[in-house]
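In: Predicted model and sequence follow; I will ask about them next.
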There are 4 protein chains.
Amino acid sequence: MIKAMYKYHEECGVFGIWSGTGSASADQVAVGLTALQHRGQEAAGIAVNDQRVIRYHKGLGLVHEVFDHDELTRLGSGRIAVGHVRYSTSGNNTVINAQPMVVRHVKGQLALCHNGNLINSDELRRTLELEGCIFQTTSDTEVISYLITRARLKAPSIEEAVRAAVRQLQGSFSLVMMSPAKLLACRDRFGLRPLCLGEMPDGSPVFASESCALDAVGARLIRELNPGELVVVDDDGMRSIPCFSDHRQHALCVFEYIYFSRPDSVVQGISVHEARARAGAFLAADHPVDADLVIGVPDSGLDAALGYAEAAGIPYGIGLVKNKYIGRTFIAPTQKERADQVRLKLNAVSSVVSGKRIILIDDSIVRGTTSKYIVQLLKDAGASEVHLRISAPPFLHPCFYGTDIDSDHSLIANGHTPEEIARMIGADSLAFLSLDRVYALAGEELSGHLCAACFDGNYPAGVPTVADKDRFEIS
Amino acid sequence: MIKAMYKYHEECGVFGIWSGTGSASADQVAVGLTALQHRGQEAAGIAVNDQRVIRYHKGLGLVHEVFDHDELTRLGSGRIAVGHVRYSTSGNNTVINAQPMVVRHVKGQLALCHNGNLINSDELRRTLELEGCIFQTTSDTEVISYLITRARLKAPSIEEAVRAAVRQLQGSFSLVMMSPAKLLACRDRFGLRPLCLGEMPDGSPVFASESCALDAVGARLIRELNPGELVVVDDDGMRSIPCFSDHRQHALCVFEYIYFSRPDSVVQGISVHEARARAGAFLAADHPVDADLVIGVPDSGLDAALGYAEAAGIPYGIGLVKNKYIGRTFIAPTQKERADQVRLKLNAVSSVVSGKRIILIDDSIVRGTTSKYIVQLLKDAGASEVHLRISAPPFLHPCFYGTDIDSDHSLIANGHTPEEIARMIGADSLAFLSLDRVYALAGEELSGHLCAACFDGNYPAGVPTVADKDRFEIS
Amino acid sequence: MIKAMYKYHEECGVFGIWSGTGSASADQVAVGLTALQHRGQEAAGIAVNDQRVIRYHKGLGLVHEVFDHDELTRLGSGRIAVGHVRYSTSGNNTVINAQPMVVRHVKGQLALCHNGNLINSDELRRTLELEGCIFQTTSDTEVISYLITRARLKAPSIEEAVRAAVRQLQGSFSLVMMSPAKLLACRDRFGLRPLCLGEMPDGSPVFASESCALDAVGARLIRELNPGELVVVDDDGMRSIPCFSDHRQHALCVFEYIYFSRPDSVVQGISVHEARARAGAFLAADHPVDADLVIGVPDSGLDAALGYAEAAGIPYGIGLVKNKYIGRTFIAPTQKERADQVRLKLNAVSSVVSGKRIILIDDSIVRGTTSKYIVQLLKDAGASEVHLRISAPPFLHPCFYGTDIDSDHSLIANGHTPEEIARMIGADSLAFLSLDRVYALAGEELSGHLCAACFDGNYPAGVPTVADKDRFEIS
Amino acid sequence: MIKAMYKYHEECGVFGIWSGTGSASADQVAVGLTALQHRGQEAAGIAVNDQRVIRYHKGLGLVHEVFDHDELTRLGSGRIAVGHVRYSTSGNNTVINAQPMVVRHVKGQLALCHNGNLINSDELRRTLELEGCIFQTTSDTEVISYLITRARLKAPSIEEAVRAAVRQLQGSFSLVMMSPAKLLACRDRFGLRPLCLGEMPDGSPVFASESCALDAVGARLIRELNPGELVVVDDDGMRSIPCFSDHRQHALCVFEYIYFSRPDSVVQGISVHEARARAGAFLAADHPVDADLVIGVPDSGLDAALGYAEAAGIPYGIGLVKNKYIGRTFIAPTQKERADQVRLKLNAVSSVVSGKRIILIDDSIVRGTTSKYIVQLLKDAGASEVHLRISAPPFLHPCFYGTDIDSDHSLIANGHTPEEIARMIGADSLAFLSLDRVYALAGEELSGHLCAACFDGNYPAGVPTVADKDRFEIS
């Protein structure tokens, strides 16, 4: 079994916009990034290419914390603007790792925004170091920067350089980049992470991790980038370049539907809300139970709960309320007990759940402690029965492509039957979504085109090699 | 007609806890205040009475911004702890007006937390000034502090002093106070603002503006304070003192159900969620329309939407998604258009609303601009019809009791029929909740016991007198 | 003996400016306060009276930390502007105690800036509390505010009210105040703390604690206020009002010359630099020693060192350099030893002191530890002898009038002869200025007109009464 | 004539300490850097090598602003610790340019601290870019990092790699570096910037830009590094490696004596205070004038003033007082006039200068405006004559080696005789130090071993080449 020991994840949001008239602005990027904020709250950055001079700013925090009116005004607008929001596991959360990474090379400047995770970055880094490269950050983006700029020495154009570099990368990546004259977007050959193309009302192209960011800036979703596709925008217009001659099967991360993406986004042609509602309907079909009310754990369980309710013909209720003012840093000194934290974050609506048999929908069980306290919360509020339904299978395998599922995730699911877990958390019954249902989550056309490695252990883009053994322990 | 010209509102949250064993802590108050954060996000304060020494801290911002681990540790715990979250109209948002107000008088210290708004504070202030009092803040709380401490000179006890002071106050107030040895809670004689009593597992009393704060600290809701009731807690236990010999009819602010309180709170024995769902059901009965889906404007329109859907037998849908990361300060420089701001804050789920006839539930129409853009958002996402239903009547009258409804609120409702407004905002139809339905919002037993002055102009506690003419213009 | 147990000191700087043309600005006050910054670095505040509306801002920190460009612009200008810098002993350093104190009373608003310390504030506070007054701060200024505003109820004018109030105050105070229409400045009947009157080039009056603040704003020093004098400025011009019918002997704090005031200030007609140089000359006359070089401990010992050098005919040298970048908060974790801190703050110039017999001039010896390390620093740098001369007598008595000399100050001087102390600190000899010389410090005309209570125990304005026994312990 | 168009200066302070027992601490570096703070106030950074793991932190601001107790504790101690304080011209003041620069290369990590300025960095950068290097900062340090780490690929040791890299560098540099096992210090072949070696009481070596930093940590000055010398410290002890086979004449920047270094530092064996005093004595000999008093412009003019006074037999006086509380950011909105700023920063002591013929010593005249206002200040205070003596010659040439003298410096000196300038600034006479005297500033033994290019245009290390033409314009 492979066990992730240490990993720097790059669950992020990327955004880029082109304007032939020089009106691609830091403002627009800030709006786009705010719509992608759920993909990363640790750091944010924006770079604007004005007259081939790149102005940029990055910082730790939410988009509106890093960028105030003055900073956005200073960045202004130009022909190209890109941005990034970053999620990071603790320890790597320094501004030095924030993106866009802006580097100067022989042909000018390059700004890179990256979402994904390479599995051969240690090998690549080692090779580059042997060629005299130095690294100032711990991010994969610096590795990619080197590969592109070094390829550029021989390549006739930045797009050819990107193409050459991309062919050396293994793992997941969605890239949005800006050279002095071009906006480039590229997706790994399995299409593991999402990346879509939109169009502003004036016809200008926009790239974003999710369609909700296109909506936010008033753009129209055109399509997703294909696996292994590089799209280049410059004064001559937009063109698509395949990075590979042979095509691999699309393997979009199914967790985008289950958890990552916003429900109002359309990912790979499929509404995230609908995929979640479908998961709820599958649960209703596969794990029915006689009950009075279906409720979801806000916010990510609500869509599946509504799907379950409709499929089962059981009323949907608002039985849990979430406190939206809890800061990332709020930990009262004596609130040592997880129960207290759950109680502050979530509260039951007694009048809704009292005396009722409840079907409760959540998107995951981690250690089981949170689930236990939510079940307790509902029972304290008078629920007569609580039947927990999880809109995903249990996590059994580490993710190497950018999803931060630590090994703890499998603790309760590993070695326990659903019945045992139900007993441990005080639920009257518990059921997970089956693997077959996960494959069908995004509808028939995407069946077989999703990566569900964290559930089934099938890694479409491979696993880290021996060179990475200091980061992953394979036993 | 009376027109509010200038007003400092005190829509706030108050909290107080007693512990015979000295374990009433700043932590507990911070948790309680975080649960009440929706009642005020401008300032927060906590005071702890430890061995009769009052330690306190207040600041501008959210509870978790004002109080970090170090500050909570410094405040520690004692026999009594109180706290306050404050909402304020701009211009008065200085730390000097933050609460608890802690004053030293001849009998020691007094900490006051106040939610409400006096209508005779200018008169009282004038009288006090003529007696040599000086004022360092612009808040009603300072007036109340004077009345209590001056009454204390003659009164045999702090509770008698509070009682004497309270009899001079006109308007709305829910007070939680702390003297060196006593925790006191008091409600105005009409019970305009909520204030409830709870009990910790060890039997210690807790007071809070809403029951959701009791839930957060693990306390059980016992009851609401009666109009004009003063509850005193000290070493001898808890006792109730009526402040007035004659009783006035309870006139709880109906807006607590419509907007202020959290849906998981029980106010005056009635679930806020249920009251909102009932409003939705009333709308379904009174203003039916043939449609495919009912959706609510998140977050405050969701409960009423579910109530409408259930009553009308039309499916409930999640058709709008709210961005939860928008800071209070985020305004992109070029996002001058309100449409852009709405689009960043709310997004439609196309797969849900496309091709559907939508019933949209919101809790108010202010200037109409926001409503207009939400309607547009849904139509852009493919909705074939949008029928707007407002879960409250139009605002026609100013509130003098602490609700921040400025005169603009009535702009679109004033002088326009619902049909005209519907046309103006692009909705296919529009209907408001009727006055009769508002009176019944909290169920039969509270019918006739609610203040709906902002809708019907009946002011149970009177209107400001001539002395206040510099603050209100009555024409 | 009287021992100070607890004391809130008010060693501060006050400033006020009048402009008939409405150009008295927050900027000017900021400049004046920056020149007075040495009198208090804990808090700063400015109030501007524009069209009888008082705008004000206060905060913790240095003037330029509390007031940025935006804040000064917001405060703008008006007919009157006043300001305050505050020194405070730890524990009372909250913004609530910052000044100007701005209060609203029956006749409008009053802004007060106070430098000094009352000895009967507890009595006054008690009396006021018995009359129903409440206190929100721990500063004497709030007591004075009450006395003035209460007197104003009966007095025909604010100046009469101030006069009546001032007659009740015991201790030291220099006040600069602003009513809606008047700028007022007043000094206690012994003139313990300084307060001078200046004139802008356009003839507008300015008040400041020291003349260096007049220089900074381009004003000319006219004169010091007399003991017990109240000066009122309004549209009718400026007039002087004596607060008392009988006059007491002037008793200006001698420590203003020794330590408080800036050397470029002229206090009570006497240059501070000259007074310090005179102290040096006295030491040269009274305690001569055969030596090669005279050096001062920067910055406050330099003037006396030059005076000594000139009088003794021994060269003056720059033998110690002070690090000007040491923040108030810099304490390296392992720099536990005071020696390390002294070494970081001060360094010897070896080329200057090496092989020399040094006369070292400082303004005080406190515990002796700092002196010990400075002597060591010089010897390590090669000085063959170090003869320490202190430009003041030993502190033997507490100050009740606003000088923060804690009882520790006398530790080493109490019970030890200069010879013993010299041995303890490693100096080759040690001498203090004598009492007679202190009386003559400011020249003949001020002889007998200085308060030197901290040296001689003669308290011109009395000592705190029994009511203050919780603050001072008299044994 | 060569005119500097754009330049990023690296006037900085570097510090490094070794401890065989693992007690080289961030605290010690913080103390050392605080002593070097006058060399750079824009950014500070510290790196600690603990068990071959490098922990580091950098930030904008003063040492005590960037490093609080918690951060120093987190960094802790190890076998090696280095640090840097940075001065930067505006525009480059981002944290990304702060030092130490910590890079990971094939042999591990390398931390670099650099003071100086390369003249061939553009060429080197270009060459590196052509070899596929990318640049994330605009500092020379990144260029040096690349040269060293690339040389390391072939070199048998880090010291050999440094030696190979250093031979490619043209311009000025003093480097303190840390590899996993070694502390290295190196100085350019002309010794343009200072760098000295000290010894802790336990014999551990310390490197610092100036000896005052050695004093601060309790170390003893051993010697300065030789031009072109590399000193390596590791477990085997300390050894010196010459980087070049042929030796160039030492050309220490004379401005270190005139302005940069602290007066208590010993630079190249010469006391900075003594060099300044000697400049004053030279001025007294060359440009005597009949006067009553010599005063210096604090702080940098005081040493020369004392030297002048002693040589001329004219009394030295404290005639100007500097406000030490003026923040870097303080600019009152209406204080547009430079006169007002000078008045706030400096004040004359009237009692000292009144009626006197003054000799005023300053270290430079820039545009002349400041000098003009200081002369005015003295005359307003009653000085009958003011004779200005500048302790350096006029700036006539740009510095390419790290001194931030912009072309404006020469404005008033260019094309005007001293007599003309005296008239323009209102001085009764004006004289500069002559070139011959500058060469003799540091005594006989250093005569001919100083770089005075900014005065005489002789550039020992050459001028920037054509590749740099986008940064410098040579006409």
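Out: Thanks, I have the structure now.

In: quick one, what contacts whatever residue of the stretch 351-475 of chain A ends up closest to chain B?
Out: Of all residues in the stretch 351-475 of chain A, A:Ser351 sits closest to chain B, at 3.4 Å by CB to the nearest CB. The way it works is simple: take the backbone N, C-alpha and C, and place the C-beta from them, glycine included. With contact taken as CB atoms under 8 Å, 6 or more residues apart in numbering or on different chains, A:Ser351 is in contact with B:266, B:271, B:273-274.

In: so which of these also contact chain A?
Out: Contacts with chain A are made by B:266, B:271, B:273-274 out of the contacts of A:Ser351, judged by CB under 8 Å from any CB of the partner chain.

In: now, which of these sits nearest C:Glu129?
Out: Ranked by distance to C:Glu129 (CB to CB), the ones next to chain A among the contacts of A:Ser351 are led by B:Val266 at 41.9 Å.

In: what are the phi and psi angles of the closest one?
Out: When read as degrees, to the nearest 10, the backbone of B:Val266 gives phi -110, psi 110.

In: contacting residues around it?
Out: By CB under 8 Å, 6+ apart, the contact list for B:Val266 reads A:350-351, B:211, B:221, B:272.

In: close to chain B, is the top helix by length along chain A?
Out: Assignment by DSSP state H gives helix A:272-286 as the longest helix of chain A. Yes. Using CB under 8 Å from any CB, helix A:272-286 reaches chain B at A:273-274.

In: how about that helix: buried residues?
Out: The neighbour-count criterion (16 or more other CB atoms under 10 Å in any protein chain shown) identifies A:272-284 as the buried residues of helix A:272-286.

In: Is there a neighbour count for whatever residue of chain A ends up closest to chain C? I'd like the number.
Out: Closest residue of chain A to chain C, CB to the nearest CB: A:Asp70 (11.1 Å). For A:Asp70, the neighbour count with other CB atoms under 10 Å in any protein chain shown is 9.

In: now the one 3 residues further on
Out: One way to gauge burial is a neighbour count; for A:Thr73, by other CB under 10 Å, it gives 13.

In: What distance do you get for A:Glu385 to A:Leu293?
Out: Relative to A:Leu293, A:Glu385 is positioned 10 Å away (CB to CB, to the nearest Å).

In: anything in contact with each of these two?
Out: A:357-358.

In: Looking at these two, which is more packed in?
Out: Neighbour count, other CB under 10 Å: between A:Glu385 and A:Leu293, A:Leu293 has more, with 20 against 17.

In: Domain ranges for chain A, per the record?
Out: A:12-251, A:274-444 (automatic domain parsing).

In: can you pull out the strands in the stretch 101-250 of chain A?
Out: Taking DSSP state E, counting those that start in this stretch, the strands of the stretch 101-250 of chain A run over residues A:101-105, A:108-118, A:171-178, A:183-187, A:196-199, A:205-208, A:220-224, A:229-234, A:237-242.

In: Ok, which of these comes nearest B:Leu130?
Out: strand A:205-208 (65.1 Å).

In: follow-up on the earlier one: next, format the ones next to chain A among the contacts of A:Ser351 as a markdown table and append pLDDT.
Out: What follows is the ones next to chain A among the contacts of A:Ser351, written out as a markdown table (pLDDT from 0 to 100):
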| residue | pLDDT |
| --- | --- |
| B:Val266 | 97 |
| B:Ser271 | 97 |
| B:His273 | 98 |
| B:Glu274 | 97 |
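
In: now, among those residues, which is nearest to B:Pro194?
Out: Nearest member of those to B:Pro194, counting by CB to CB, is B:Val266, at 9.9 Å.

In: tell me which residues in the strand or helix carrying A:Val386 are buried?
Out: Taking DSSP states H and E as the criterion, A:Val386 maps to strand A:385-390. Using 16+ other CB under 10 Å as the test for burial, strand A:385-390 gives A:385-390.

In: packing partners for that strand?
Out: strand A:357-362, helix A:369-380, strand A:429-432 (3 or more CB pairs under 8 Å, 6 or more residues apart in numbering or on different chains; DSSP states H and E).
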